[in-house]
Structures are given as C-alpha cells and as structure tokens.
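**Q** Build the 3D model from these lines:
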Amino acid sequence: MRALETNNSGSVGEFILLGFPCRWEIRIFLFIVFSLIYLLTLTGNTSIICAVWSSRKLHIPMYILLANFSFLEICYVSSDVPQMLANLISQTKSISYPGCLLQFYFFFSMCAAEGLFLSVMSFDRFLAICRPLHYPTIMSNHLCVRLVIFCWLGGFLWLLTPVILISQVPFCGPNTIDHFLCDLAPLLALSCAPVSGITLTCGVISSLIIFLTFLYILGTYFCILSMVLHMPSDLGRHKAFSTCASHLSVVSLFYGSVMVMYVSPSSGCYHGMQKFVTLFYALATPFFNPIIYNFWNKDIKEALKKFLCVL
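**A** Numbering: from 1, shown residues only. Next up, the predicted model:
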C-alpha cells in the first residue's frame, strides 16, 4: 500500500479507491467484461442519438427527450467507469482529492438529472395519452427545449450544496475508500471531524430528489392507468401500454436499484451489497436502457436501419 500523501496543509491529497480486491486473473476478467459493457453502452446510446438526429419524423418532443436522455447516459457512465477500469489494472488505484470531489459531483448530478428526465418523459406520456387533443399546443418544441434545460441545470444545481459541504470536511487519514468510486458514505467515513450534520443534510437532499421525482412519476402513471382502463377499444389500450412500456421498464431499473441502495435499512451495513447495487445502476442500467428502447420502439428501429443503410 502506498504511503499516505498529504498536501501542504496536512490534509489528505489523494484517496485510494479499493475497488474490487481480488486476484489479478479475476481483475483482468472483470476489466474485459466491464470494458465490453461500457463500449456497448456507448454504442447503444449513440445509436439512439443518431437515429433521432437523422430522421425528421423523430424531431418531436418525445424523441428529443429520449436523445437527451441517451446523451445523459453516455456522460453518466463515463463519469466513473473509466476510473474503475483503470483501477482494475493499476497497482496504485489512486484518485486526487479534487478528482474525487469532481467524480462525486458529476456522477450524482447526472443521477439527479436522470430522475428529472424520467419525470419529464412521464409528463410527456401523460399529455399524449390523457390530453391528446391539447398535446401539440402544450408540448411545443419551445416547451420541450425549456424542459431539457431544466433537467440538465436542475441535476447539476441540486448537487452543489452537498459537494460544497463535503469540500469543507477535513480528511487527515486514512485515505482508503472501500468502493470503486467516491460515494458519500465511505468518503465521509474517513473524515477526522464530526460529520453527522453534513451526512444528514446530504441524505435529505438526495432523498428529496429521489422521492419527489419517483412520486411524480407514480402520480402521472396513476392518471395514465385510469385513462387507459376507461378506453373503449382494446387497440387503444394496447397502443397506450406499448407507448409507456419502455419508459416504465427504465423507471423500474433506475429507481429499483437506487432505492435498494439508499433507502433499504441494510444499505449502510454491507459494503459488498453497496458495491454491487452501485455497480448495477452505474453500469448495468445505462447498458439496458438503449436495449429496452430499441426493443419496444419501432420508430427508433426503423430510423436506425435507415441511418445504417446511408452509412
């Protein structure tokens, strides 16, 4: 283990991300698997962006939101996976103190932005199904752009307070984080000063964005379900359900893993469980999302085929 490095003020200058402590052969195997998933994730989400960009038919709010969501997934998975891959084959496994704060900020800001995007996408589905006659006038391109800006800015502004609070925390050593990224709980556990107030504040801020967006999505889908059940034709019900199926699947993946991690009573007790669940929503969720949307959405598949034929 490397010696503890400190800056001129005597505080920790870098952290060691313990990651996945195992034999070299297993680490190489994990490196190959995670690298493949990462590349497929980039390819899948980029394919959705290209499909929406290349087809004028898809230049509507629903697909504009989807393209932005896919770009968010690319940024989201790139905020932690390259560092994790480097640490798997590195002997040092170090990350600088500023780098740790930046990783925390960007990773969880995009996590918050993802919740906001999923909420806005559910609002779009609510208007399309429950207010179809008013949909073109309400969900205009102008409003869509404003909602996209709101999601991006909202995610990054929401995490400003936690990262500012964490930057005030003194770290004197040890500097080994039992995780593959700079997560809140294992990071604050290394503080050499009481952090109960900061932990509570950050926990409340994180819980608010999780529960507010989740409850909003539940509310919109309750309205959608009520409307669908009152539709006279089976064809109309089937079309409505198929429109929402991909979004519901992505919502289930995202909020299921996040709530298991941060809401379940045992989430703070088992480090192995923390790593596994964090790995799932940090790597597996962005990987499955483009698969789900490409599987359920015929317009995306047709636009992607045309785009590939042009190439």
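**Q** what's the distance between residue 144 and residue 68?
**A** When distance is defined by C-beta to C-beta, to the nearest Å, residue 144 is 9 Å away from residue 68. (Glycine included, C-beta is placed from N, CA and C.)
**Q** Who has more neighbours out of the two?
**A** Between residue 144 and residue 68, residue 68 has the larger neighbour count (other C-beta atoms under 10 Å), namely 23 against 19.
**Q** need the strands for the stretch 151-300 of the chain, in chain order.
**A** 176-177 (DSSP state E, counting those that start in this stretch).
**Q** Poorly predicted segments of it, please.
**A** 235-236, 261-272 (pLDDT under 70).
**Q** Excluding chain neighbours, what is closest to residue 188?
**A** residue 195 (4.9 Å; C-beta to C-beta, 6 or more residues apart in numbering).
**Q** shouldn't residue 144 be in contact with residue 59?
**A** No - assessed by C-beta atoms under 8 Å, residue 144 is found out of contact with residue 59, at 10.3 Å.
**Q** re the thing from before, quick check, the residue nearest to residue 188 in contact with residue 185.
**A** No - if you go by C-beta under 8 Å, residue 195 and residue 185 don't touch, sitting 10.4 Å apart.
**Q** between the two, who's got more neighbours?
**A** Of the pair residue 195 and residue 185, residue 195 is the one with more neighbours under other C-beta under 10 Å, namely 20 against 17.
**Q** Distance of that one relative to residue 111?
**A** Taken as C-beta to C-beta, the span from residue 195 to residue 111 is 21 Å.
**Q** go on, residue 198?
**A** Residue 198 is 19 Å from residue 111, by C-beta to C-beta.
**Q** Settle it for me: which of those two has more neighbours?
**A** Under the neighbour definition other C-beta under 10 Å, residue 198 and residue 111 were set side by side, and residue 111 has more, 22 against 18.
**Q** Need the nearest residue in space to residue 93, chain neighbours excluded.
**A** residue 87 (4.4 Å).
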